[in-house]
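Chemist: Coordinates only, no sequence provided:
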């Protein structure tokens, strides 16, 4: 598994309290990021399905259009 360094600033008092409580900050941040990413993906899928329903476009056409739009950016 490949990893990346993430540097953030948090309130000193919050960090100190977390350390006093024995919290594993790396695990906590990693778990929260995984949860947030999963939530965003679910929301994006719901939006895509709703847009697809409104536009009467097949899944394949939708994927092709999204990929084409990405290449234009």
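Modeler: Cool, got the structure. A quick note: this is a predicted structure, and the numbers were derived from the prediction, not measured. Numbers count the residues shown, from 1 in each chain.
Chemist: before we move on, which element is the closest residue to residue 57 other than its chain neighbours in?
Modeler: Nearest residue to residue 57, sequence neighbours excluded (C-beta to C-beta, 6 or more residues apart in numbering): residue 65, at 7.5 Å. (C-beta placed from N, C-alpha, C; glycine too.) Counting by DSSP states H and E, the element that carries residue 65 is helix 59-72.
Chemist: Summarise which helices and strands that helix is packed against.
Modeler: Applying 3 or more C-beta pairs under 8 Å, 6 or more residues apart in numbering; DSSP states H and E, we find helix 59-72 packed against helix 25-55.
Chemist: where in the protein is pLDDT low?
Modeler: Low-confidence segments of the chain (pLDDT under 70): 72-73.
Chemist: still on that earlier bit, the helix holding residue 65: which residues count as buried?
Modeler: For helix 59-72, a neighbour-count test (16 or more other C-beta atoms under 10 Å) marks nothing as buried.
Chemist: relative to helix 25-55, how tilted is it?
Modeler: Relative orientation of helix 59-72 versus helix 25-55 (axes from the mean of the first three to the mean of the last three C-alpha atoms, to 10 degrees): 120 degrees.
Chemist: Quick one: residues in contact with helix 59-72.
Modeler: By C-beta atoms under 8 Å, 6 or more residues apart in numbering, the list of residues contacting helix 59-72 from outside reads 48, 51, 52, 57.
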